[in-house]
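>>> I need the structure of the sequence given here:
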Amino acid sequence: MIFSRKSDYGLRALMYLVDRRARGPVTLQEIAEKLMIPKAFLSKILQQLAKKGVVRSLKGPSGGFVLAVDPAEVTLLEVLTEIDGPTRVFECFANESDCTLYGDCQITDVFNEVEGQIKKVLAAYTLADFRMPEKQPAVQPRS
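Next up is the predicted model:
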């Protein structure tokens with residue numbers, strides 16, 4: 001299973017907002033620059049999350065984005081589902097005329113179990129469980 005770049009960027013942006021919660025609104029420009037995310041793509045992701053009430057967009061000179069939810073109450077599963085849709089590991093498109101195993105397929109049972117375990121793990125973590133790593137200053141070579 002591969003999560004999309006959109007999910008990666010969305011999670012990183014949310015972690016950034018969690019870390020800067022006390023500071024107030026954070027501009028799209030700041031998030032994009034600090035996390036090296038294309039600004040236009042990030043804007044679409046944050047707009048999507050704003051429509052679902054995860055973040056709030058504040059207008060004006062001191063505007064920007066803020067987290068609109070308690071980070072301890074939002075799971076990774078909820079965020080990833082919001083951004084990319086339901087978590088799928090295996091999707092069978094077969095119907096009765098296409099597959100001799102249709103209705104009695106043990107393969108789909110295994111992958112349904114895998115999906116269930118992935119969802120269980122993602123639901124066990126919230127945004128509050130993660131912090132943005134601090135960048136360490138580069139060590140200057142000795143002269």
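
>>> and stretch 101-110, average pLDDT?
Averaged across stretch 101-110, the pLDDT comes to 77.

>>> Only the buried residues of it, if you could.
Under the neighbour-count criterion of 16 or more other C-beta atoms under 10 Å, stretch 101-110 has residue 108 buried. For glycine as for every other residue, the C-beta is placed from the backbone atoms N, C-alpha and C.

>>> which stretches of the chain aren't confidently modelled?
The chain contains residues with pLDDT under 70 at 1, 93-97, 102, 132-143.

>>> cutoff 90 now
For the chain, the stretches with pLDDT under 90 are 1-3, 21-24, 59-63, 85-112, 115, 130-143.

>>> Could I get the full set of strands for it?
55-58, 64-67 (DSSP state E).

>>> from those strands, which stretch is densest packed?
Highest mean neighbour count of those: strand 64-67, a mean of 21 (counted as mean count of other C-beta atoms under 10 Å).
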